[in-house]
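Visitor: Please work out how this folds:
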Amino acid sequence: MLTRRKFLSNSALSSLAVAGGVLSPACDPFNRENKTEVKEASNPLVISTWKHGIPSNEVAWKVLQKGGTAVDAVEQGVRVPEGNPENISVGYGGLPDRDGNVTLDACIMDSNGNAGSVCFLQHIKHPISVARKVMDETPHVMLAGAGALQFALSKGFKKEDLLTEKTRQAWKKWLEKEEYAPVINSENHDTIGMLAIDGQGKLAGACTTSGLAYKMQGRVGDSPIIGAGMFADNEVGGAVDTGLGEAVMKTLGSFLIVELMRQGRSPQEACEEAIARIVRKQNYKNFQIGYLAVNKAGDTGAFSIQPGFNYALFVKNENKLYDANSFVK
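Guide: Take a look at the predicted model:
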């Protein structure tokens, strides 16, 4: 049984081994003759965070079944919660900042290493599709705020009021006390992060959110930051996260997980090490972080700080919800 003490001890030793230069041949760019062969997944796959990943996976899977690319699949998949007004942490109907503004963050990466991102975007229901446009049609990676909105409108996106009556009333009630206190696993959903492998064995990822409820005006979390909220490398695999973005940004968790897999760790081992990096240095007892990872062979991993994190996995024509293991039992 993996105890907390043993978990931290093993993670610390692993970190020292990496720091001391004990790396797998596959991660040495100058030792090309000794590079290990990366196994390719034999089946398409979609994995995403939380229970809203189930309907999101369904849409992404249909894209893959029609021969679509992984990047098309993740974009279309995460648009599902973005457009769902009942989901109060992603897109339309997301809870606003403390001034009553719904501000959105999103990023996307394709199998060629291209990336696009938007942050502090207002009035656009599908920020992931704006991020896709940034990736495909600009020389940039990230657009922010008014500039991101201007770009979206220039590409034909419709300006909308993203507050619903439900979230408007919730914000007005919050104003009565103005207490800012993030809740672990609030309503068992949060940011949606998604990874997919298509029929050609190519990998892509996406991440989108409306961020922390009642945050300070201008706050941007990890979700639009390549390497924090999501990272995908078609040579190795990909990772996404959910939870308190500030904690993830301090460790660049998704990039860390992919690099650990490059060094030979399994997706599960890499997720556990990324959580260990957080719990060793931060006061983890009052917040949640959950990681998902997949490697090129189609192996998956999931791990969180607190219990309660679940994820949806669609593979071999079966779409199921799983509970991730956690550091805190």
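
Visitor: and the closest residue to residue 198 other than its chain neighbours, what does it touch?
Guide: Distances taken as Cβ to Cβ, 6 or more residues apart in numbering put residue 70 closest to residue 198, at 4.1 Å, once the chain neighbours are dropped. No exception for glycine: its C-beta is placed from N, CA and C like everyone else's. Neighbouring residues of residue 70 by Cβ atoms under 8 Å, 6 or more residues apart in numbering: 64, 110, 111, 196, 197, 198, 202, 203, 204.

Visitor: Please apply the same query to residue 56.
Guide: 48, 77, 78, 80, 81, 192, 194, 312.

Visitor: Residue 55 too?
Guide: Residue 55 makes contact with residue 80 under the criterion Cβ under 8 Å, 6+ apart.

Visitor: and it, which of the three is it?
Guide: helix (DSSP: H, G, I helix; E, B strand; the rest coil).

Visitor: ok so, going back, now the phi/psi pair for the residue nearest to residue 198, please.
Guide: phi -60, psi -40 (degrees, to the nearest 10).

Visitor: In stretch 135-146, which residues are buried?
Guide: Buried positions in stretch 135-146, judged by neighbour count with 16 or more other Cβ atoms under 10 Å: 135, 141, 142, 143, 144.

Visitor: same for whichever strand or helix holds residue 146, what does it pack against?
Guide: When secondary structure is defined by DSSP states H and E, residue 146 falls within helix 145-154. Using 3 or more Cβ pairs under 8 Å, 6 or more residues apart in numbering; DSSP states H and E, the elements in contact with helix 145-154 are strand 115-121, helix 127-137.

Visitor: Point out the most buried one among these.
Guide: Greatest average neighbour count among the helices and strands packed on helix 145-154 goes to strand 115-121 (a mean of 26), per mean count of other Cβ atoms under 10 Å.

Visitor: Just the C-alphas of it, formatted as CSV.
Guide: Output of strand 115-121 as CSV, limited to C-alpha atoms (Å, rounded to 0.1, in the frame of the first residue of the first chain):
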residue,chain,number,x,y,z
ALA,A,115,-0.7,25.9,-30.0
GLY,A,116,-3.3,28.6,-29.6
SER,A,117,-4.7,30.3,-26.5
VAL,A,118,-7.0,33.0,-25.3
CYS,A,119,-7.3,34.5,-21.8
PHE,A,120,-9.5,37.0,-20.1
LEU,A,121,-11.9,36.8,-23.1
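
Visitor: what's the angle from that strand to helix 127-137?
Guide: 140 degrees (axes from the mean of the first three to the mean of the last three Cα atoms, to 10 degrees).

Visitor: Give me the contact list for strand 115-121.
Guide: Contacts of strand 115-121 (Cβ under 8 Å, 6+ apart): 103-109, 127, 130-136, 138, 141-145, 148-149, 152, 218, 220, 224-226.

Visitor: Which pair in the contacts of residue 70 has the greatest spatial separation?
Guide: Maximum pairwise distance among the contacts of residue 70 (Cβ to Cβ): 14.4 Å, between 64 and 110.

Visitor: just to revisit the earlier point, how far off centre is the helix holding residue 146?
Guide: 23 Å (Cα atoms, centre = their mean, to the nearest Å).

Visitor: What of stretch 104-111?
Guide: With Cα atoms, centre = their mean, you get 9 Å for stretch 104-111.

Visitor: buried set for that stretch?
Guide: For stretch 104-111, by 16+ other Cβ under 10 Å, it's 104, 105, 106, 107, 108, 109, 110, 111.

Visitor: all strands for the stretch 151-300 of the chain, in order.
Guide: For the stretch 151-300 of the chain, strands defined by DSSP state E, counting those that start in this stretch occupy the ranges 192-197, 203-209, 230-233, 237-243, 289-295, 300-304.

Visitor: can you put the ones you listed in JSON lines and add mean pLDDT and distance to residue 95?
Guide: Output for the strands of the stretch 151-300 of the chain, formatted as JSON lines (pLDDT from 0 to 100; distance: least, Cβ to Cβ, whole Å):
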{"stretch": "strand 192-197", "mean pLDDT": "98", "distance to residue 95": "15"}
{"stretch": "strand 203-209", "mean pLDDT": "98", "distance to residue 95": "11"}
{"stretch": "strand 230-233", "mean pLDDT": "98", "distance to residue 95": "22"}
{"stretch": "strand 237-243", "mean pLDDT": "97", "distance to residue 95": "16"}
{"stretch": "strand 289-295", "mean pLDDT": "98", "distance to residue 95": "19"}
{"stretch": "strand 300-304", "mean pLDDT": "98", "distance to residue 95": "22"}
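
Visitor: Which one, of those strands, ends up nearest to residue 255?
Guide: Judging the strands of the stretch 151-300 of the chain by Cβ to Cβ, what sits closest to residue 255 is strand 230-233, at 4.6 Å.
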